[in-house]
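[1] Have a look at this fold, sequence not included:
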């Protein structure tokens with residue numbers, strides 16, 4: 001029997017996000033066609049079907065949690081590449 005590859009795997013991740021950020025994160029993930037829904041209390045559950053979705057979730061979370069300085073440094077590194 002073959003093991004499922006990472007592209008076939010599906011992961012459900014619970015994100016504990018602040019109430020003020022929850023709607024923005026939910027809306028952006030919906031725009032990216034990443035399945036997500038509200039769970040109990042402050043939990044936002046996200047289904048990650050492929051590696052690109054995992055990177056997109058990371059990017060959405062980072063855009064809200066990183067400092068302005070860190071975001072600027074990240075953009076500068078990208079421009080240098």
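    Happy to help now that I have it. Quantities reported herein were computed from a predicted structural model and do not represent experimental measurements.
[2] so what's the residue nearest to the spatial centre of the chain up against?
    Residue closest to the average C-alpha location in the chain (C-alpha atoms, centre = their mean): residue 57, at 1.2 Å. Residue 57 makes contact with 13, 15, 29, 34, 46, 48, according to C-beta atoms under 8 Å, 6 or more residues apart in numbering. The C-beta positions use only the backbone N, C-alpha and C, and glycine is treated the same way.
[3] What is the three-state secondary structure of it?
    helix (DSSP: H, G, I helix; E, B strand; the rest coil).
[4] Roughly how far does it sit from residue 69?
    Noted for residue 57: a distance of 23 Å to residue 69, by C-beta to C-beta, to the nearest Å.
[5] try residue 18
    Distance from residue 18 to residue 69, by C-beta to C-beta: 21 Å.
[6] Just to check, residue 26 is in contact with residue 46?
    No - the pair residue 26 and residue 46 fails to qualify as a contact (C-beta atoms under 8 Å) at a distance of 9.3 Å.
[7] more neighbours, the two?
    Using other C-beta atoms under 10 Å, the more surrounded residue of residue 26 and residue 46 is residue 46, with 22 against 19.
[8] okay, now the nearest residue to residue 32 once chain neighbours are set aside: neighbour count?
    The spatially closest residue to residue 32, leaving aside those adjacent along the chain, is residue 56, at 5.2 Å (C-beta to C-beta, 6 or more residues apart in numbering). When counting by other C-beta under 10 Å, one arrives at 19 neighbours for residue 56.
[9] quick one: residue 56 and residue 33 touch, right?
    No - if you go by C-beta under 8 Å, residue 56 and residue 33 don't touch, sitting 9.4 Å apart.
[10] which helices and strands sit right next to the lowest-mean-pLDDT helix or strand in the chain?
    Every helix and strand of the chain was ranked by mean pLDDT, DSSP states H and E. The lowest is strand 11-16, at a mean of 81. Counting contacts by 3 or more C-beta pairs under 8 Å, 6 or more residues apart in numbering; DSSP states H and E, strand 11-16 packs against strand 43-48, helix 51-65.
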